[in-house]
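> pasted the sequence and its predicted model underneath.
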Amino acid sequence: YYYYYYYYYYSINQYIETMNRPEDAAQFITVSDPVQHSEGMNKYTSYRVDVRPPPSPATTTTANPSNPINNNNNQNQTTGDVFQNTIPSTVLRRYSDFLWLYTRLHKERAGAIIPPLPEKQAVSRFSTSFVEERRRHLETFLQRIAVHPELYDAACFEMFLKADDVVFQNAKNDANSNVNVNVNANANAN
């Protein structure tokens with residue numbers, strides 16, 4: 001009996017893991033290379049966030065042809081179209097930066113459903129398994145934003161993905177900042 005239960009459970013989990021998820025269309029955004037830093041008593045983990053132009057436009061559209069209210073003259077811009085001309089960028093971000101993005105999206109796109117962030121953890125937050133699990137969840141968080149029809153073009157999302165450290169820290173520190181800073185100029189400088 002136990003064998004059949006295990007086989008059934010394992011088969012179902014494998015099936016669920018291989019199902020296509022909406023965020024799979026945003027594989028051009030990755031979170032990798034967690035590195036632990038110590039600054040005195042302050043210890044944190046930073047993650048490398050890479051954005052590469054997608055190989056082809058994603059299928060998520062901002063216009064819904066069946067909804068005449070949201071369909072502006074068949075303007076059918078896709079998530080992939082927005083990122084298609086993206087200059088590749090790599091930035092280092094820590095959990096508090098992801099939290100800033102989450103909070104900022106709530107302000108910029110009030111009423112939109114924001115994907116969840118992994119929760120903070122005080123104990124064992126530097127264990128290898130926890131850091132890897134958090135990395136996967138942070139990557140999923142960004143990929144879900146990239147395919148979300150109300151969030152993918154938010155100014156704070158572009159800032160998070162492309163701004164250099166100085167510009168990004170200035171935006172974070174200024175609670176009333178105008179996030180529409182030209183981050184492309186900074187990306188070209190790198």
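Perfect, thanks for sending it.

> correct me, but Phe160 touches Asp97?
Yes - between Phe160 and Asp97 there is a contact at 6.9 Å, judged by Cβ atoms under 8 Å. Using the backbone N, CA and C atoms, a C-beta is placed for each residue, glycine as well.

> who's in contact with the lengthiest helix in the chain?
Taking DSSP state H as the assignment, the helix of the chain that covers the most residues is helix 128-147. By Cβ atoms under 8 Å, 6 or more residues apart in numbering, the surrounding residues in contact with helix 128-147 are 22-32, 34, 36, 45, 47, 49, 58, 60, 79, 83, 95, 98, 101-102, 105, 114-118, 121, 124-125, 151-152, 154, 157, 161.

> picking that back up, neighbour count winner among Phe160 and Asp97?
More crowded of Phe160 and Asp97, by other Cβ atoms under 10 Å: Phe160, with 27 against 19.

> export the strand or helix carrying that one as PDB, just CAs?
In this assignment (DSSP states H and E), Phe160 forms part of helix 155-162. Written as PDB, here are the backbone C-alpha positions of helix 155-162 (Å, rounded to 0.1, in the frame of the first residue of the first chain):
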ATOM      1  CA  ALA A 155       8.800  52.100 -14.000                       C
ATOM      2  CA  CYS A 156       9.900  50.700 -10.700                       C
ATOM      3  CA  PHE A 157      10.300  47.200 -12.300                       C
ATOM      4  CA  GLU A 158      12.600  48.700 -15.000                       C
ATOM      5  CA  MET A 159      14.500  50.600 -12.300                       C
ATOM      6  CA  PHE A 160      15.000  47.400 -10.300                       C
ATOM      7  CA  LEU A 161      16.200  45.400 -13.400                       C
ATOM      8  CA  LYS A 162      18.400  47.900 -15.000                       C
END
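
> tell me the mean pLDDT over it?
The pLDDT scores in helix 155-162 average 92.

> following element in sequence after that helix, please.
helix 165-173.

> quick one: find the helix or strand in this protein with the lowest mean pLDDT.
helix 183-189 (a mean of 45; mean pLDDT, DSSP states H and E).
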